[in-house]
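[1] Predicted structure and sequence below. I'll ask about it afterward.
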Amino acid sequence: MPLVLYNTLSRKKEEFVPLKDGRVGMYVCGITAYDSCHLGHARAAIVFDVIVRYLRYKGYDVTYVRNYTDVDDKIINRANRDGVSCREISERYIKEYEDDMGALGVAMPDIAPRATEHIPEMIEAVEKLIEKGFAYESNGSVYFSVRKFPGYGKLSGKNIEELESGARVEVDETKKDPLDFALWKASKPGEPKWPSPWGEGRPGWHIECSAMSAKYLGQPFDIHGGGRDLVFPHHENEIAQAEGACGCQFVRYWLHNGFININAEKMSKSLGNIKAIGEIREIFDPEVVRYFILSSHYRSPIDYTEENINNAERALVGFYTTYEQIVIAGSSAHRPFALSLSKGEQDLLNKIQSLKNHFEEAMDDDFNTAGAVGSVFEVMNELSGYVAARKKNWTDATKDICAAFVDAVSKISPVLGFFGADPAGFRERNKRFGVKRYGLDVPKIGSLINERAEARGHKNFARADEIRKELNAMKVELNDRPDGTTEWFVRS
RNA sequence: GGCGGCGUACCCAAGUGGUAAGGGAGCGGUCUGCAAAACCGUUAUGCACCGGUUCGAAUCCGGUCGCCGCCUCCA
């Protein structure tokens, strides 16, 4: 089955054909390390994490590069504000980012290059652009001459005239044309700087990605990804630089993920509605966050609201609750499908065995994770009905069928990064997040449950129900087990 | 103003020509002291609206309305 993906460059879905058979070079714009990262960064990281995992699942040998911008105006500002070095700032936030992403189950890329460690490569790239007439030096800075590059605007669908008319008043007198962008910036006092043929300075933002991607992946390479907002000007400029310098194609497929809104508003510092990962990961299970993000298509916008993420949590809890019974039944299977199955059982088994195909069909269609998740639930629905109808009187066929489902899920879950936990373990873990989220007083819950047990013992059901109501109001749900004990969980 | 995207049930969300996946929530039932969970059943004659193409449209075309993004740093 061919993999089809939406290429921003052509604005169409295209069949994915790697340059080298069986190998994929992929570069994704990471973060500028000047502040804590938020849900939007997490979405980008998670989405491309899944894309890489799926490419590997398909058997590709993937080289995944994700950079860190560790020299930039924002970092300098932050360093000045905090009275520390730029390096300290970037190190701090890179570390935090890696910690956050690790918590969300995002695997590290194969290569995570930093801009400051590739200054010679960038200088070389700038020199080449000057040599070829695409760039010019001015007062110790170097600019890319946008009008010299004929394909400018092909990624973002803009044309130079429109950009010109929409351009803001340029304060920078050193540029020949307001559309030109900096490849190399002459350093001001107190800024990080490196020697260069144009005097001491630092690289512009865009040049790092073209220089580092070329170094690690060559030119052209297969996939370049990032958030939608990077299409213009960042990726447009990368194309201009890279293609200007080498005279060849830069990237074959451009992939861009959609944004996360908060209560239908764009996340922004000025609105004060940033959802930091540090905040989210304290109160939601990482699998819930992944599920929430991946239950929409990667290019669609996602609206983060309490209701929506709770909805995701309930869905995932629901999955594990049902799945647990299936796992238990399946774990006692002792032989593989040697039995005679009824017609209905055979149909069910066939559906389970085609789950993998449905998953691949969905994923092959521009990484449709939402569709993939749907197909898992669809089959599980039918299976859970079948299992429940047999109570605990599982036949060998029941066990084998359950084992087949567990096996199918185990193929899928490593790609998605959820559905793969031990169900009981997930339940416990998720409960701890619920306790934290709602600030529950666990000892108090325990004593109320004891009190209720006592009341029930005396057949004082009025009091028992009163206590249950009290607990319900605290988001605590009770489950009286047949053995007389009571289990509690958090209702989201 | 220019460019692009979106509008599917109470909420979320798949579905790009063959008669509306899935999840959450709700409702009815089985079970239970009562609940919860689980299971069974149920909730869009219709996919913003109006036209058109077609045997057939949520899907294609034209128009209208509404929402959003980018055009400046941004995942």
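    Good, I have the coordinates. Residues are numbered from 1 along each chain as shown, chains lettered A, B, ... in the order given.

[2] for the stretch 201-350 of chain A, what are the low-confidence residue spans?
    By pLDDT under 70, the weakly predicted segments of the stretch 201-350 of chain A are A:335-339.

[3] The stretch 51-200 of chain A now?
    Using pLDDT under 70, the stretch 51-200 of chain A drops low at A:164-173.

[4] all helices in it, in order from the N-terminus.
    A:73-82, A:86-103, A:119-131, A:160-166 (DSSP state H, counting those that start in this stretch).

[5] Just put those in CSV and tack on mean neighbour count and distance to A:L478.
    Glycine gets a C-beta too; all of them are placed from N, C-alpha and C. Shown next, in CSV, are the helices of the stretch 51-200 of chain A (neighbours: other C-beta atoms under 10 Å; distance: least, C-beta to C-beta, whole Å):
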stretch, mean neighbour count, distance to A:L478
helix A:73-82, 16, 49
helix A:86-103, 18, 31
helix A:119-131, 19, 62
helix A:160-166, 12, 61
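
[6] Specify the stretch among the ones you listed that is closest to RNA strand B.
    Closest approach to RNA strand B among these (C-beta to the nearest atom of the strand): helix A:160-166, 4.1 Å.

[7] Quick check: which element contains the closest residue to A:A362 other than its chain neighbours?
    Sequence neighbours aside, A:G371 is the residue nearest to A:A362 in space, at 3.7 Å (criterion: C-beta to C-beta, 6 or more residues apart in numbering). Secondary structure assignment for A:G371, by DSSP states H and E: helix A:369-389.

[8] Equivalent analysis for A:G272, please.
    Using DSSP H and E, A:G272 falls outside every helix and strand.

[9] related to what we said a few turns ago, mind checking the helices of the stretch 51-200 of chain A for the one nearest to A:T305?
    Nearest to A:T305 among these is helix A:86-103; the distance by C-beta to C-beta comes to 21.3 Å.

[10] Help me see whether the closest one makes contact with RNA strand B, please.
    No. Using C-beta under 7 Å from any atom of the strand, we find that helix A:86-103 stays clear of RNA strand B, coming within 9.9 Å at best.

[11] What does A:I260 show for phi and psi?
    For A:I260, the backbone dihedrals (degrees, to the nearest 10) come out as phi -110, psi 130.

[12] any idea which helix or strand carries the residue lying closest to A:I401 once chain neighbours are set aside?
    Nearest non-adjacent residue to A:I401, counting by C-beta to C-beta, 6+ apart: A:L349, 5.5 Å away. Taking DSSP H and E as the criterion, the element that holds A:L349 is helix A:343-364.

[13] returning to what we had before: do you know the pLDDT at the residue nearest to A:A362?
    Looking at A:G371, its pLDDT is 95.

[14] got the residues of the stretch 1-150 of chain A near RNA strand B?
    Counting by C-beta under 7 Å from any atom of the strand, the positions of the stretch 1-150 of chain A adjacent to RNA strand B are A:R11, A:C29, A:I31, A:T32, A:H38, A:L39, A:G40, A:H41, A:R43, A:A44, A:K74.

[15] one step back: how much space between the residue nearest to A:A362 and A:H297?
    8 Å (C-beta to C-beta, to the nearest Å).

[16] Which residue would be the closest one in chain A to RNA strand B?
    A:G227 (1.7 Å).

[17] Assess the claim that that residue and A:H256 are in contact.
    Yes. Counting by C-beta atoms under 8 Å, A:G227 does reach A:H256; the two are 6.5 Å apart.

[18] sorry, back to before: residues near the residue nearest to A:A362, how many?
    16 (other C-beta atoms under 10 Å).

[19] picking up where we left off before, just the residues contacting the helix holding A:G371, thanks.
    A:50, A:291, A:294-298, A:319, A:322-323, A:325-326, A:329, A:344-345, A:348, A:351-352, A:355, A:358-359, A:362-363, A:365, A:394, A:398, A:401-402, A:405, A:408-409, A:412, A:416, A:419 (C-beta atoms under 8 Å, 6 or more residues apart in numbering).

[20] what about 6 Å?
    A:294-297, A:322, A:325, A:329, A:348, A:351-352, A:355, A:358-359, A:362-363, A:405 (C-beta atoms under 6 Å, 6 or more residues apart in numbering).

[21] now the angle from that helix to helix A:343-364?
    160 degrees (axes from the mean of the first three to the mean of the last three C-alpha atoms, to 10 degrees).

[22] related to what we said a few turns ago, which ones among the contacts of helix A:369-389 also lie next to RNA strand B?
    Within those, those near RNA strand B by C-beta under 7 Å from any atom of the strand are A:S295, A:S296, A:H297, A:T322, A:A362.

[23] Max pairwise distance over those residues: which two?
    Maximum distance among these (C-beta to C-beta): 24.8 Å, for A:H297 and A:T322.

[24] Tell me how far A:V379 lies from A:K351.
    5 Å.

[25] Would you map out the domains in chain A?
    As assigned by automatic domain parsing, chain A contains the domains A:13-266, A:284-427, A:438-490.

[26] among the ones you listed, which is nearest A:K275?
    Closest among the domains of chain A, using C-beta to C-beta: domain A:13-266, at 4.3 Å.
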